[in-house]
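**Q** coordinates only, sequence not included:
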DNA sequence: CAAATAATGTTTACAGCGACAACATGAGCG
DNA sequence: CGCTCATGTTGTCGCTGTAAACATTATTTG
């Protein structure tokens, strides 16, 4: 019932054996289902069912479930980075920085399963020579802080400031997601926590 | 092969049909297996196999898998609280506070799966009238901060300081666990981030 | 102390899952 | 037109969580 209503494909399903652009459809419906359930609860068979395709067709595009989840995580990370950039656009200095932190937490609250997936997938992004490092949310904060700290700050100081900033927004996001922190609304929580003054920039 | 080597039970297995103290054994081996794999990878049947008991015997003590995981999480939370208290013992003021944060992160690094489980289980601890609130790690930080902030601080200021402190250590722990942050060792990372001065207590 | 009853563990069974192998289809190129 | 290979399907396997019916032992009670 749902094989033909996917209109986003480059070339739509011609009504038969081949889907047309199954890979994109898998990622798309995968993301859609992540909006309504956790990543662990996500099942390959369910995705296939939703698209209207056999369960094992997935393995023509991804070696296993983890690979599909990694693709979803990558998509989510790109989306997060985009929202961060958009939030900081037109602003600079402290304001740009604050807006990026705000966007980070807002993204987590609005996409809980996807946000969690991002940080449970990709098990190796630690070393500096990471492939996707420049698209990582942490990297965006780094740029912002580098600008904030000024020329007088040492590399170590900048690194410490980045660590603090990232830890702060990430921790706030995670605590909200796990229901440990309640507030009138998310924005006021962010305001309580994300304050440039509290980051000890220099 | 492993039904009789469990010597921790109150009354040991008499060699036959009944285990003796299966509930404790389940939690115990559950925790043990959490040391070597994620919580999602944990299987009821595997635990039962390890203990040497049938798979469905678990349902005499826990209604479903989530209930067992919740019990493991509760155990982990208690352990974390204990370690925090122990770390702060004999110290006070800033030092006690710093040591508690350090213990928090150290616990996460040493018990990754358990730490994650703690914060994915227990979906409702947000509202103030939570049952286990006083055993929550956040609560311990709260006490410490209340002492730190002094009498002049308002309730809102204390709350904000707690939020910042908890977010900071929790975020650092989570980022380390997800491999986003690397450092020479954990303690130096903690030192970089956990500094009372950065919490803007008043 | 013996019999009834409750607590605890077992067997059997089922549906859903991820994944592999063998097969079917059809798109694109010569 | 016909070949080839990418893509989708069917069938199957072993694993999982969990429900129902049954077996055994602990505990209470007459």
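**A** In hand now; what should we look at? From a predicted model like this one, the values you see are computed outputs, not experimental measurements.
**Q** in the host helix or strand of residue A:69, which residues are buried?
**A** Applying DSSP states H and E as the criterion places residue A:69 in helix A:65-88. Neighbour-count burial for helix A:65-88 flags A:68-77, A:80-81, A:83-84, A:87-88 (criterion: 16 or more other CB atoms under 10 Å in any protein chain shown). Every residue, glycine included, has its C-beta placed from N, CA and C.
**Q** again with stretch A:98-110
**A** Across stretch A:98-110, burial judged by 16+ other CB under 10 Å covers A:98, A:99, A:100, A:101, A:102, A:103, A:104, A:105, A:106, A:107, A:108, A:109.
**Q** could you say which helix or strand holds the last one?
**A** Secondary structure assigned from DSSP H and E places residue A:109 in helix A:93-110.
**Q** how far off centre is the helix or strand bottoming out on mean pLDDT in chain A?
**A** Least confident helix or strand of chain A, by mean pLDDT, DSSP states H and E, is helix A:137-149 with a mean of 72. Centre-to-centre, helix A:137-149 and its host chain are 17 Å apart (CA atoms, centre = their mean, to the nearest Å).
**Q** packing partners of the helix or strand following that helix?
**A** Next helix or strand after helix A:137-149 toward the C-terminus (DSSP H and E): helix A:155-177. The helices and strands touching helix A:155-177, judged by 3 or more CB pairs under 8 Å, 6 or more residues apart in numbering or on different chains; DSSP states H and E, are helix A:93-110, helix A:112-120, helix A:137-149, helix A:186-193, helix B:155-177, helix B:186-193.
**Q** out of the ones you listed, flag the one nearest residue B:49.
**A** helix A:112-120 (26.3 Å; CB to CB).
**Q** who's in contact with that closest one?
**A** A:31, A:34-35, A:37-39, A:69, A:72-73, A:76-77, A:79-80, A:107-108, A:170, A:173, A:177, B:174-175, B:178, B:180 (CB atoms under 8 Å, 6 or more residues apart in numbering or on different chains).
**Q** same deal with stretch A:35-44?
**A** Against stretch A:35-44 from outside (CB under 8 Å, 6+ apart): A:30, A:33-34, A:55, A:58, A:65, A:68-69, A:72, A:111, A:113-114, A:116-117, A:120, B:40.
**Q** these two touch, right, residue A:46 and residue A:33?
**A** Yes. The criterion here is CB atoms under 8 Å, and residue A:46 meets it with residue A:33 at 7.0 Å.
**Q** those two: who's more crowded?
**A** residue A:33 (18 against 15; other CB atoms under 10 Å in any protein chain shown).
**Q** what number of residues lie near the residue lying closest to the more buried one once chain neighbours are set aside?
**A** Nearest residue to residue A:33, sequence neighbours excluded (CB to CB, 6 or more residues apart in numbering or on different chains): residue A:42, at 5.8 Å. Neighbourhood size, residue A:42 [other CB under 10 Å]: 19.
**Q** tell me the secondary structure for residue A:42?
**A** Here residue A:42 takes the coil state, with states given by DSSP: H, G, I helix; E, B strand; the rest coil.
**Q** next one: it from residue A:31, what distance?
**A** Distance, residue A:42 to residue A:31, by CB to CB, to the nearest Å: 10 Å.
**Q** please apply the same query to residue A:177.
**A** Residue A:177 is 18 Å from residue A:31, by CB to CB.
**Q** measure the residue of chain A found nearest chain B to DNA strand D for me?
**A** Closest residue of chain A to chain B, CB to the nearest CB: residue A:171 (2.6 Å). Separation of residue A:171 from DNA strand D (CB to the nearest atom of the strand, to the nearest Å): 30 Å.
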